[in-house]
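**Q** Everything below, folded, please.
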Amino acid sequence: MDYNKIISVTGLSGLYELVTSKADGAVVRSLEDKSTKFVSSRVHNFSHLESIEIFTVKENTNLAELFTTMKNSSEAIPDAQADGKTLRAYFEKVYPDLDFDRVYASDMKKIVKWLGILTANNIEIKVAENESTEENVIQETKDQKPVPQEGSVK
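**A** Prediction:
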């Protein structure tokens, strides 16, 4: 299962694998109980985990980076049911750049829970890399015809 197929669905707890999408919704499989169901886009919104960013005091960071930092930390990951003070103390040690004015305790609980679900399902956390911008610029330059300079002779 690929990280880029994992989604969050508003109004439903946990994480889901996107099985297929339809014009009026999507078929998703729960990562917790493996049940498959249709979810209407009229009622729910879908967010790919790889597109979710977290508020920091600098530039926002991708959720995958936060997950990776948490997994590589020597700090014990708290229980998802821990109180807000415990979660904040954990994140202050592991990722001190979080903007704690905009990242609430409920968000931190969700992050811890999601990491537990991803770990239990052996999902490698990585963001799909786009083609490098430098390669695109080089290709565009090759495709362009040279523009004659003013005063030059053809």
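**Q** what sits against residue 65?
**A** With contact set as C-beta atoms under 8 Å, 6 or more residues apart in numbering, residue 65 has no partners. C-beta: built from backbone N, CA, C; applies to glycine.
**Q** Assign it to helix, strand or coil.
**A** helix (DSSP: H, G, I helix; E, B strand; the rest coil).
**Q** Repeat that for the one 4 residues further on.
**A** Reduced to three states with three-state DSSP, the structure at residue 69 is helix.
**Q** And the helices in the chain, which stretches?
**A** 63-72, 84-94, 105-120, 133-143 (DSSP state H).
**Q** To residue 25, which of those lies closest?
**A** Ranking those by proximity to residue 25 (C-beta to C-beta) places helix 105-120 first, at 21.8 Å.
**Q** May I see the buried residues of the closest one?
**A** Within helix 105-120, the residues that count as buried by 16 or more other C-beta atoms under 10 Å are 105, 108, 109, 110, 111, 112, 113, 114, 115, 117, 118.
**Q** with the residues you listed in mind, which one is nearest to residue 67?
**A** residue 115 (5.4 Å).
**Q** what about this structure, any weak spots by pLDDT?
**A** For the chain, the stretches with pLDDT under 70 are 127-154.
**Q** run the last query once more with 90
**A** Applying pLDDT under 90 to the chain picks out residues 1-2, 80, 126-154.
**Q** Off-centre distance for stretch 97-108?
**A** Centroid separation for stretch 97-108 versus its chain: 16 Å, with C-alpha atoms, centre = their mean, to the nearest Å.
**Q** hmm, back to that, just send the buried residues of helix 105-120 back as a markdown table, with distance to residue 97 too.
**A** Conversion of these to a markdown table gives the following (distance: C-beta to C-beta, whole Å):
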| residue | distance to residue 97 |
| --- | --- |
| 105 | 18 |
| 108 | 14 |
| 109 | 19 |
| 110 | 19 |
| 111 | 14 |
| 112 | 18 |
| 113 | 21 |
| 114 | 19 |
| 115 | 18 |
| 117 | 24 |
| 118 | 22 |
